[in-house]
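[1] Sequence first, predicted coordinates after that:
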Amino acid sequence: MRVLFWGTRGSLPSSFRKEAIKSKLVKLIKAVQGMRLSTDKEIDMFLSDALSRGTLPFSTVGTYGTNTSCVEIDGVDEYIICDAGTGIRDLGNSIMKEAGKGDMKKKGIFHIFISHLHWDHIQGFPFFIPAYIRGNVINIYGMHDNLEQAFKLQQNSPFFPVPLGYLKGEIRFHTLKSGETYRIGGLNVKGMIQNHPGDSFGYRFEKDGKTIVYSTDSEHKDEAYGDRYPFLSFFEGADLLIFDAQYQLLDAISTKENWGHSNNIVAVELSVKSRVKHLCIFHNEPTMTDEELDAFLQDTRTYLKIYAESYPLKIDIAHDGMEIEV
């Protein structure tokens, strides 16, 4: 399986201003002084090499992105999508480009799993072009009783000019139950209720012995340190855990306590206890710059060495455009 990240910011889209671009250009120009890079290929090779070797930080040669939550799981014949934040617009545009070239590799069947109904997780759906195409089937899954109502409401006047009923694709809503396992789109899927205002739900996806867990908008508090904490079994042995660690520890236990998000410290500890192989920090704080997210990742990796130095946990922070093979 392959995981593609189309939107990775939390709460609301992040701005990307000219000052940020200028800062990256200044650092890059300094880095190439004295070098002769005359072709596009030479420049691309330099940037790729600098990133892989760590001679330049990711924040200099790339960006963590601006879109809110949307993750695609590839490896089956139908589309598997987690959440419909603003990132789903870019996903839809990519699919339409493939269709325009005659390169469509999948059926027009979409399975969208919604963690919860806060706006940053559904706001991209009205801009998801495949939903406007007759013949496409858009299955929307969630565990909130008002799932369909929320999608209709955000496209009703005065919030949006195009009502949900105008979409030409066949839109189907499915209410799932927490704790039950379903066979959907070629995957085994199990949901679990999470601590978040209004409740949210994580999803565990399994196929051919591989496991991906998508667990965003979940606040882990004191009970997370108990040996019988239910998330330990939900995360158990995951090849990839996509985990909401929007806050630093101090924010999570003080000014932003009970806001429904977790921190990088508990992310590491739960991953180690659950024998997770790869932790990917997600739902990134929208006010943090690329440089600050670089530092946040380094701090998280450093904490792993303090907490469980011998445990072989791979740690990354998600960015728009990131791909992970599972």
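    Happy to help now that I have it. Numbers count the residues shown, from 1 in each chain.
[2] May I ask you to name the longest helix in this protein?
    helix 290-308 (DSSP state H).
[3] Could you list the buried residues of it?
    290-291, 293-294, 296-297, 300-301, 303-304 (16 or more other C-beta atoms under 10 Å). Where C-beta positions appear, they are placed from N, C-alpha and C, glycine not excepted.
[4] from those, which is closest to residue 171?
    residue 293 (35.1 Å; C-beta to C-beta).
[5] So for that closest one, what's the pLDDT?
    For residue 293, the pLDDT comes out at 97.
[6] Pairing partners for the helix or strand that comes right after the longest helix of the chain, with directions?
    Next helix or strand after helix 290-308 toward the C-terminus (DSSP states H and E): strand 314-317. According to DSSP bridges, strand 314-317 has the following sheet partners: strand 278-282 (parallel).
[7] residues in contact with the strand it pairs with?
    Identification of contacts with strand 278-282 by C-beta atoms under 8 Å, 6 or more residues apart in numbering yields 8, 10, 69, 71, 216, 238-245, 264, 267-268, 271, 296-297, 300, 313-318, 324, 326.
[8] Same question for stretch 30-47.
    So stretch 30-47 is contacted by 50, 55-56, 60-61 (C-beta under 8 Å, 6+ apart).
[9] roughly how far apart are residue 196 and residue 55?
    According to C-beta to C-beta, to the nearest Å, residue 196 and residue 55 sit 40 Å apart.
[10] Narrow the contacts of strand 278-282 to those that are buried.
    Using 16+ other C-beta under 10 Å, the buried ones in the contacts of strand 278-282 are 8, 10, 69, 71, 216, 238-245, 264, 267-268, 271, 296-297, 300, 313, 315-318, 324, 326.
[11] Tell me the one of the buried residues of helix 290-308 nearest residue 256?
    residue 296 (15.0 Å).
[12] for the closest one, what are its contacts?
    Contacts of residue 296 (C-beta under 8 Å, 6+ apart): 248, 264, 281, 288, 317.
[13] would you list the residues you listed in CSV and tack on pLDDT and distance to residue 148?
    Listed next are the contacts of residue 296 as CSV, based on pLDDT from 0 to 100; distance: C-beta to C-beta, whole Å:
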residue, pLDDT, distance to residue 148
248, 88, 37
264, 97, 35
281, 98, 32
288, 96, 34
317, 98, 34
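[14] just the residues you listed now: which is nearest residue 126?
    In terms of C-beta to C-beta, no member of the contacts of residue 296 lies closer to residue 126 than residue 288, at 27.3 Å.
[15] which residue packs closest to that closest one, ignoring adjacent ones?
    Computed as C-beta to C-beta, 6 or more residues apart in numbering, the closest residue to residue 288 that is not its neighbour in sequence is residue 296, at 6.9 Å.
[16] and residue 35, how many neighbours?
    10 (other C-beta atoms under 10 Å).
[17] surely residue 85 meets residue 121?
    Yes - judged on C-beta atoms under 8 Å, residue 85 makes contact with residue 121 at a distance of 5.4 Å.
[18] Break down the stretch 151-300 of the chain into its helices, ranges please.
    In the stretch 151-300 of the chain, the helices defined using DSSP state H, counting those that start in this stretch lie at 230-235, 249-252, 264-273, 290-308.
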